[in-house]
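A.B. asks: Build me a model from this:
(one chain, ligands or ions: 7)
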Amino acid sequence: MDMKRVVLNLFYVCIGYICVSLTESYDKCPKGANKCHFVDNDKATCRNFHYIPMLKEYVLTLELRCCYLPHITRQTFQNISSNKIIHLAFKKYNSVQTITTDAFTDLKYLQSLEVSWEKQFDVLHFKSSLKSLNVSLFKELYFERNGWTSLPKSLFAYLAGFKLSVLSLSENDFEIMNASIFKPISGLRKFVCIKCSITDLNANGLKTVEAIDLTSNNIIEIPDFCDATGKHSLAPVLKTLTLSENAIRLILPNSFKCLQSLETLVLDGNIITELTKNGFSTLPSLIRLSINYIPRLKRIRMKAFNSTSLRILQFRQNGFRFDNDNAYHFRDLFINTYNLRKLDLSKNYLPHKKQHLLRILSPLKKLRKLYMETTGLSEIPEGLFQNMPFLQKLTLIGNKITRWNPSTFANMTNLRKLHLDGNLIHIINKTSFPTMLLNKLEIFEISNNPFWCTCDQRWFLDMLRSTNITKKIRNWPKFYSCAYPENLKNSLLDSYRPTDAECEINYFTSIIIIAVCSVLIFVFFSALILYRCHINIKNLLYFARVHHRIKKGYLKLMSCNDFDFDVFVVYCDSDRQWVHNVLIKRLEDKGLKICIHHRDFQIGEPIINNIEKFMNKSWKIIVVMSNDFAKSEWCQWEVNLALERRRRQGMNALVLIMYRQIDSKHMTSGLRTLLNTTPHLIFTEGLGEGMFWNAVLNGINKSLMLPPTAVL
Ligand SMILES: *[C@@H]1O[C@H](CO)[C@@H](O)[C@H](O)[C@H]1NC(C)=O
Ligand SMILES: *[C@@H]1O[C@H](CO)[C@@H](O)[C@H](O)[C@H]1NC(C)=O
Ligand SMILES: *[C@@H]1O[C@H](CO)[C@@H](O)[C@H](O)[C@H]1NC(C)=O
Ligand SMILES: *[C@@H]1O[C@H](CO)[C@@H](O)[C@H](O)[C@H]1NC(C)=O
Ligand SMILES: *[C@@H]1O[C@H](CO)[C@@H](O)[C@H](O)[C@H]1NC(C)=O
Ligand SMILES: *[C@@H]1O[C@H](CO)[C@@H](O)[C@H](O)[C@H]1NC(C)=O
Ligand SMILES: *[C@@H]1O[C@H](CO)[C@@H](O)[C@H](O)[C@H]1NC(C)=O
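C.D. replies: Ligands and ions are numbered 1, 2, ... in the order given. As a prediction, this is how the structure comes out:
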């Protein structure tokens, strides 16, 4: 146990030693011959000189490393005085101690000067040498990693009238940065102090500054950019403020005052725990807000992003949970952020519920670019992208998306870049993407998905092989492999070529299934039709039979001329309406003579006699049957007469019409006998009615069959 620890400690010590010696040897200048190294012809990097060597006339940039140049005078630059040196950098370990007042006099074209990594550099005596720079050309000044802890008050006193586009003091140890030392510079545009250990920035002196980069300092609170009255700005033209990797904890509603020109604000990598309501709404010109890499962020108040000017919001890699119990709380997150053009929500946890995500993003109708990488998204809400008609780029890398509705990517007329790599997509088929979209895309990436190499994938593969679309598909074919079936696992999707035979088995199976289904459906509908129309069908059969017999040419034994009436109608009083208004009218329209008792019966004779008499005077008897008919005793008597007629003249003497179906409980034995021995027609209205009437007329016109033997 102890032995183990000792060995381990020894190991660490050795590693530490190796590291230290490596950095030391890296830091220190390696000994060697002096030489210059040229890049792009006009840039020279010279090492290990004790003077500045002659250079080709086209060299415009000179960088010196590991040279020994402790005292720099005008004389030092003699060898390059005829060069048009624009950039001069004492970059590392040149042992610079002093620079004389007139040192840069002959470098008439100098625009940029750097003195870095010079621990012995005497900054106090240096300031007057800035006087020898060309005021109308000089633009950039870099004093980096010189170990300075403070700056002489009047360091830049000689830069009055200069328009400096960059002043960098990075990697010195200032702690407090009193910007009033920049006041003499009439036109400082950009101030950079990365890794300067700054805890406080006194903004007085930044009147002309448009950009400040204070990455990797120790700032705890957003610096105050208001003057003593609190009304006027100390940085009225400041457009870009970068405060990445500081120790800012809080964004208060008043944090960003007096920054009316600020367009870009970068707060990445701070330790902010909460974004307050209207935290950025005091920045009227804010266009880009970057709040990335803030793992401690736990709470976002409603309207935290209230800013109608905001165009770009980067909210990446914060691991923020939009999917917790408070998901509902975020519904109005972007309610006033409707001008957003670019939104990055990657590496956060987006809500699981589709409608929540839809709701959160619903105000963002002007979005051009949307990044939602690794957000745990498994479903794409329908209508989400249709709500963003201008969307040009969509990145959904590393989610858990398997499938989506065919309408998901519909109408995305402006989309040119689509990234769906690293999801769980198995099949891409005709319904996955509209053809119009595939044609318009310039970049399409869908690699690293667990594709299925089955016949369902055929459409996609055929499409890839028949079009030029693979030119747009990133990483094709290398990162597109099969995850299923087992025997094709890890083989390339591109090499999967399903044969026709293979897929046709499926094709035939589906054909068979379709055929079976069709037959079943046909049977079902036939049964339905039979059930609904069985009456018409029966009538049709009857009609056909009669027709058949007429064709066979049965002899007419008795002609209708022997009778006074063509038809005697037997019916009950409750069906009278139909009999008179419909049946008789129809038959009389065909020229038939109908016996109706109230019209034709002889007055004064008993009704029974009348009926018997007129029945005998009629060629055919029509019996109109219904429940009421079956119930009526009078009608039963008439049925008996009809049966008698049936017996004597055969079934063709009667035309039975079932006007309303008779229930079994009303069925009498007489009726049953009649129905069993004689075919009957069933009245239907609407469809099949024409056929019914034809059958009735045929029944009436038909000759009587051979009389039963009894009559003979
Ligand atoms: C100019 O360069 C030559 C070598 O090329 C060198 O010997 C001389 O010392 C240089 N002059 C100055 C003033 O550095
Ligand atoms: C500064 O540069 C300009 C433009 O090249 C030039 O005309 C002018 O003479 C230079 N001034 C000095 C003092 O060298
Ligand atoms: C900043 O410097 C100015 C002038 O050098 C001085 O008046 C002021 O008090 C300083 N402010 C801070 C906060 O040190
Ligand atoms: C959003 O910010 C603006 C500008 O500061 C403000 O006037 C407005 O009241 C804020 N809206 C809400 C809902 O807080
Ligand atoms: C696409 O646009 C057409 C025509 O404007 C519209 O009828 C259709 O509903 C839209 N589809 C979707 C999914 O929004
Ligand atoms: C396309 O694939 C999806 C699964 O990814 C499936 O649900 C859908 O039915 C398929 N559509 C067609 C037309 O095959
Ligand atoms: C693919 O592109 C080539 C040239 O880039 C062209 O000749 C060919 O017709 C294109 N094929 C299709 C199917 O568009």
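A.B. asks: Check the protein for its longest strand and report it.
C.D. replies: Ranked by residue count, the top strand of the chain under DSSP state E comes out as strand 618-625.
A.B. asks: neighbouring strands for that strand, and are they parallel or not?
C.D. replies: Strand pairing for strand 618-625, using DSSP bridges, gives strand 565-570 (parallel), strand 654-658 (parallel).
A.B. asks: Could you identify the helix or strand that succeeds the shortest one?
C.D. replies: This means strand 654-658. Note on strand 654-658: by DSSP states H and E, the next helix or strand toward the C-terminus is helix 669-677.
A.B. asks: how far is the helix or strand following that next one from where the chain is centred?
C.D. replies: Sequence order places strand 680-682 as the next helix or strand after helix 669-677, per DSSP H and E. Distance, stretch centre to chain centre, for strand 680-682: 64 Å (C-alpha atoms, centre = their mean, to the nearest Å).
A.B. asks: Could you do stretch 133-142 as well?
C.D. replies: With C-alpha atoms, centre = their mean, you get 52 Å for stretch 133-142.
A.B. asks: If you count neighbours, what's buried in it?
C.D. replies: 133, 138-142 (16 or more other C-beta atoms under 10 Å). Glycine gets a C-beta too; all of them are placed from N, C-alpha and C.
A.B. asks: Turn the residues you listed into TSV, columns for pLDDT.
C.D. replies: Below are those laid out as TSV (pLDDT from 0 to 100):
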residue	pLDDT
Leu133	90
Phe138	94
Lys139	94
Glu140	95
Leu141	94
Tyr142	96
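A.B. asks: From these, which land in strands?
C.D. replies: Members of the buried residues of stretch 133-142 lying in strands (criterion: DSSP E): 140-142.
A.B. asks: on that earlier part again, right, and the helix or strand after the longest strand of the chain?
C.D. replies: Going down the chain from strand 618-625, the next helix or strand is helix 627-631, by DSSP H and E.
A.B. asks: Give me the contact list for that following helix.
C.D. replies: Here helix 627-631 makes contact (C-beta atoms under 8 Å, 6 or more residues apart in numbering) with 571-575, 635, 659-663, 666-668, 671.
A.B. asks: Those residues, buried ones only, as a PyMOL selection?
C.D. replies: Buried residues among the contacts of helix 627-631 (16+ other C-beta under 10 Å), as a PyMOL selection:
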select buried, resi 571+572+575+635+659+660+662+671
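A.B. asks: List the residue ranges of the stretch 551-700 of the chain that fall below the pLDDT cut-off.
C.D. replies: 551-562, 597-600 (pLDDT under 70).
A.B. asks: Check it for the residue nearest ligand 2 and tell me.
C.D. replies: Leu687 (102.5 Å; C-beta to the nearest ligand atom).
A.B. asks: dump the residue contacts of the spatially closest residue to that residue that is not a sequence neighbour.
C.D. replies: Spatially, and ignoring its direct neighbours in sequence, Leu687 is nearest to Asn536 (6.9 Å; C-beta to C-beta, 6 or more residues apart in numbering). Neighbour list for Asn536: 684, 687-688, 691-692 [criterion: C-beta under 8 Å, 6+ apart].
A.B. asks: Where neighbours are concerned, which of those residues has the most?
C.D. replies: In terms of neighbour count, Phe692 stands highest of the contacts of Asn536 at 21 neighbours, by other C-beta atoms under 10 Å.
A.B. asks: Would you mind measuring from Met250 to ligand 1?
C.D. replies: For residue 250 the amino acid is Leu, not Met. Distance, Leu250 to ligand 1, by C-beta to the nearest ligand atom, to the nearest Å: 56 Å.
A.B. asks: what's the answer for Lys593, then?
C.D. replies: Distance of Lys593 to ligand 1, computed by C-beta to the nearest ligand atom: 144 Å.
A.B. asks: Show me the beta-bridge partners of the closest residue in space to Arg474 that isn't next to it in sequence.
C.D. replies: For Arg474, ignoring the flanking residues on the chain, the nearest one in space by C-beta to C-beta, 6+ apart is Glu445 at 3.9 Å. When assigned by DSSP bridges, Glu445 has beta-bridge partners His419.
A.B. asks: For ligand 5, what's its nearest residue on the stretch 451-600 of the chain.
C.D. replies: For the stretch 451-600 of the chain, C-beta to the nearest ligand atom, closest residue to ligand 5: Trp459, 20.8 Å.
A.B. asks: With the stretch 51-200 of the chain instead?
C.D. replies: Going by C-beta to the nearest ligand atom, ligand 5 is nearest to Lys190 of the stretch 51-200 of the chain, at 46.5 Å.
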